[in-house]
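Got a predicted structure plus its sequence, pasted below:
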Protein chains: 2
Amino acid sequence: MNTYSIGIDIGGTNTDIGLVRNDGRCMAKKNLPTNQYFDASVYVSDICKQIKTLMTENVVEVIDGIGIAAPAGNYYTGCIENATNLNFKGIIDLPKLFHEHLDAPVVVSNDANAAAYGELVYGGAKGMKDFITFTLGTGVGSGIVVDGKLVHGKTGGAGELGHAILIPEGRPCGCGRKGCLETYTSATGIRRTALELLEASPDYDGPLAKVNPDDLTSKMVGDAAKNGDSLALKVFELTGYWLGIALANAVAFSGPEAIFLMGGPVKAGEVLMQPVRESFKKHLCFVYDGSVEVRVSELPDNDAAILGAAALTKA
Amino acid sequence: MNTYSIGIDIGGTNTDIGLVRNDGRCMAKKNLPTNQYFDASVYVSDICKQIKTLMTENVVEVIDGIGIAAPAGNYYTGCIENATNLNFKGIIDLPKLFHEHLDAPVVVSNDANAAAYGELVYGGAKGMKDFITFTLGTGVGSGIVVDGKLVHGKTGGAGELGHAILIPEGRPCGCGRKGCLETYTSATGIRRTALELLEASPDYDGPLAKVNPDDLTSKMVGDAAKNGDSLALKVFELTGYWLGIALANAVAFSGPEAIFLMGGPVKAGEVLMQPVRESFKKHLCFVYDGSVEVRVSELPDNDAAILGAAALTKA
């Protein structure tokens, strides 16, 4: 028999709400503008109305639970804790607010951890006990599964590999330190590398030279690389080199059987994945040779965040 | 009532065998010369004779188990697998060999993992669910405890943080790669840093200038630093800087509540620990502020390895 759960992906701009069947299919979705809300109880009340609509429209009477991926979402407390990019300040007790409207278990975590659970429950990591996911976006998120369970650490904040230092005294990071992985391999980092190479290549007259630097995106660099542009290919070669080191370092920690990559820049495909695999192979400690592979996430792009959130209820 | 277990620390030169009481006291020890044995079954037979002697001499009739810390010791299989610094080649099935002489559970792991269990069962990590140990020796070993259990990974080889790359394209490492943590912060790495600084300081005429470079040890550098020697202090300042980055990166992985340092160079005391703590504070991502501390192991120096091995039987 089919069962259903709700996955909610809270972003600074939008909130996506999906009804997810136990086989990993997202049956239907609703959307709310997060940034139009300033009162968390009104916001949660409106989310719950959308959940009830989703259930009615799809003739679903019971849901197993509600999984929520939220910025600064704490797995242990269920709270959003002092999120910097939401209008809701302080501590927001999501289970308490949801239980005023709906009687179902509520599980909360951050988006990177939810992505790892999505891969475990609905994606390529089914049946795996030890794996790691890296999500390349504005920053770099990571989720670490050890012995079948997500690593939360003492405070719920484990798995921030985007803020592991890759290059001591390297690029300044938004976190106030220098050389964090995400300054090199996030979408923002890729843009930064492209701008540095453009600056250092006055003779380059390819497609990226025609873009106003302020408008340059990592997707443009990816498209140019796929079309064989030499500067764009160099950007991805460097990105792959850096990311390969970080993945090899992650393996030295938990000895996983796979690492999954997801997020916008991964859509560039082999122009990123080939240098990643080369660098990973070069930098992996020999004791792990042959025991671990680097793969692309198997979650569908459009529903990955909702599936990840819904998967939290199966944890 | 007191119970007892056996801890065995297999080194390339010596094998230490200890009878450990459940309160963490090593009651008595025996020793065998590992490098004098070329047949593993004769070697294990002699170890078992020593265990029986230890039990008789201390009027102990029953032991809970035998914990063995061995180079290339695999927790999952109980075997020593292709150790490079032992006379026993190939796969050595320790539980099988021991059970020909003694009827007790046999648990095997490598020395760094055993050290972590020692800290958990008998040392400063009692009651902790998430912590990491770093052992500074010829190399750098690490043991990672997540949610109360040691992280073994897919193949049993997790927790090789000595071979996480700290500085891409940095110092050549014995593993064939470059920039591994242990090339900077092991006893060997400290010696290497001292030799580099001596080479770069022709005017220096302190105590370390009087030592033949081939004879220089990290302990000599530590002693000179404790006596205020400027070059030796600079060596530990750099070592602490590097180690602090590695500890901060480890926190970004598993969000532990403490990191424990052990091994020879840690005996240098505050000349190492102060720069470690400064660098750790500077390089720790702000989300972990106040949640994690860097501590010195609480296991007694002389018995740490035996206690760690014995603790494996309590895992």
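Yes, it's here. Residues are numbered from 1 along each chain as shown, chains lettered A, B, ... in the order given.

Quick one: mean pLDDT over the lengthiest helix in chain A.
Determined from DSSP state H, the single longest helix within chain A is helix A:230-254. What helix A:230-254 shows for mean pLDDT is 98.

Would you mind pulling up the elements that that helix packs against?
Applying 3 or more C-beta pairs under 8 Å, 6 or more residues apart in numbering or on different chains; DSSP states H and E, one finds that helix A:230-254 contacts strand A:131-136, strand A:140-146, helix A:182-185, helix A:187-200, helix A:218-226, strand A:258-262, helix A:270-283, helix B:230-254. The C-beta positions use only the backbone N, C-alpha and C, and glycine is treated the same way.

Can you give me the neighbour number for the residue lying closest to A:Leu233 once chain neighbours are set aside?
Excluding the flanking residues, the one nearest A:Leu233 by C-beta to C-beta, 6 or more residues apart in numbering or on different chains is A:Ala225, at 5.0 Å. A:Ala225 has 26 neighbouring residues, counting by other C-beta atoms under 10 Å in any protein chain shown.

what's the distance between A:Ala225 and A:Pro265?
Separation of A:Ala225 from A:Pro265 (C-beta to C-beta, to the nearest Å): 10 Å.

Helix or strand: which one has A:Thr53?
Taking DSSP states H and E as the criterion, A:Thr53 maps to helix A:40-57.

Could you look up the next helix or strand downstream of that helix?
Once helix A:40-57 ends, the next helix or strand along the chain (criterion: DSSP H and E) is strand A:66-69.

strands paired with that following strand, and their directions?
In the sheet, strand A:66-69 lines up against strand A:4-10 (parallel), strand A:106-109 (parallel) (DSSP bridges).

and that strand, how far from the chain's centre?
14 Å (C-alpha atoms, centre = their mean, to the nearest Å).

ok now do A:Asn110, which residues does it touch?
Contacts for A:Asn110 (C-beta atoms under 8 Å, 6 or more residues apart in numbering or on different chains) come out as A:Ala69, A:Ala70, A:Pro71, A:Ala72, A:Gly73, A:Gly141.

which helices and strands does the helix holding A:Thr53 pack with?
strand A:4-10, strand A:14-21, strand A:26-33, helix A:94-99.

Mean pLDDT and mean neighbour count added to those, as a markdown table?
Formatted as a markdown table, those follow (pLDDT from 0 to 100; neighbours: other C-beta atoms under 10 Å in any protein chain shown):
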| stretch | mean pLDDT | mean neighbour count |
| --- | --- | --- |
| strand A:4-10 | 97 | 26 |
| strand A:14-21 | 97 | 22 |
| strand A:26-33 | 97 | 15 |
| helix A:94-99 | 97 | 19 |
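
residues contacting the residue nearest the centre of chain A?
By C-alpha atoms, centre = their mean, chain A has its centre lying nearest to A:Thr135, at 3.7 Å. By C-beta under 8 Å, 6+ apart, the contact list for A:Thr135 reads A:Asp111, A:Ala112, A:Ala115, A:Gly141, A:Ser142, A:Gly143, A:Met262, A:Gly263.

In CSV, list the C-alpha atoms belonging to stretch A:282-300.
Only the C-alpha atoms of stretch A:282-300 are listed here, as CSV (Å, rounded to 0.1, in the frame of the first residue of the first chain):
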residue,chain,number,x,y,z
LYS,A,282,45.4,11.7,-7.5
HIS,A,283,44.8,12.9,-4.0
LEU,A,284,43.1,9.9,-2.4
CYS,A,285,45.2,8.1,0.1
PHE,A,286,46.1,4.7,-1.2
VAL,A,287,44.4,2.8,1.6
TYR,A,288,41.1,3.7,0.0
ASP,A,289,41.9,2.8,-3.6
GLY,A,290,39.0,1.0,-5.2
SER,A,291,36.7,1.3,-2.2
VAL,A,292,34.9,4.6,-3.0
GLU,A,293,33.4,6.2,-6.1
VAL,A,294,32.4,9.8,-6.9
ARG,A,295,28.9,9.9,-8.4
VAL,A,296,26.3,12.4,-9.5
SER,A,297,23.1,12.6,-7.3
GLU,A,298,20.3,10.4,-8.6
LEU,A,299,17.5,12.7,-7.3
PRO,A,300,15.5,14.5,-10.0
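
So which bits of the stretch 201-315 of chain A are right by chain B?
Residues of the stretch 201-315 of chain A lying close to chain B (C-beta under 8 Å from any C-beta of the partner chain) are A:245, A:248-250, A:252-257, A:282-283, A:285-288, A:291-292.

Which members of the residues you listed come out as buried by neighbour count?
Using 16 or more other C-beta atoms under 10 Å in any protein chain shown as the burial test, those include A:245, A:248-250, A:252-257, A:283, A:285, A:287-288, A:291-292 as buried.

Which secondary structure state does the residue with the largest distance to the centre of chain A sit in?
Farthest-out residue of chain A from its mean C-alpha position, per C-alpha atoms, centre = their mean: A:Asp203, at 36.7 Å. Of the three states, A:Asp203 takes coil according to DSSP: H, G, I helix; E, B strand; the rest coil.

from the buried ones among the residues of the stretch 201-315 of chain A next to chain B, which is closest to chain B?
A:Gly255 (2.1 Å; C-beta to the nearest C-beta).

what's the nearest residue to the closest one if we skip its chain neighbours?
Nearest non-adjacent residue to A:Gly255, counting by C-beta to C-beta, 6+ apart: B:Gly153, 2.1 Å away.

Isn't that neighbour up against A:Ala258?
No: counting by C-beta atoms under 8 Å, B:Gly153 stays clear of A:Ala258, with 11.6 Å between them.

quick one: which of the two has more around it?
B:Gly153 (26 against 18).

Helix or strand: which one has that one?
With DSSP H and E as the criterion, B:Gly153 is inside neither a helix nor a strand.

which parts of the stretch 51-200 of chain A sit against chain B?
With C-beta under 8 Å from any C-beta as the criterion, the stretch 51-200 of chain A comes near chain B at residues A:129-130, A:144, A:146-147, A:149, A:151-161, A:163-168, A:175-177, A:180.

Only the buried subset of those residues, as a PyMOL command please.
Here is the PyMOL command that selects the buried residues among these (16+ other C-beta under 10 Å):
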select buried, chain A and resi 130+144+146+151+152+153+154+155+156+157+158+159+160+161+163+164+165+166+167+168+175+177+180
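
Out of the residues of the stretch 51-200 of chain A next to chain B, list just those in strands.
A:Ile144, A:Val146, A:Lys149 (DSSP state E).

and those residues as a markdown table, adding distance to A:Ser297 and pLDDT?
Converted to a markdown table, those look like this (distance: C-beta to C-beta, whole Å; pLDDT from 0 to 100):
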| residue | distance to A:Ser297 | pLDDT |
| --- | --- | --- |
| A:Ile144 | 15 | 97 |
| A:Val146 | 19 | 97 |
| A:Lys149 | 19 | 93 |
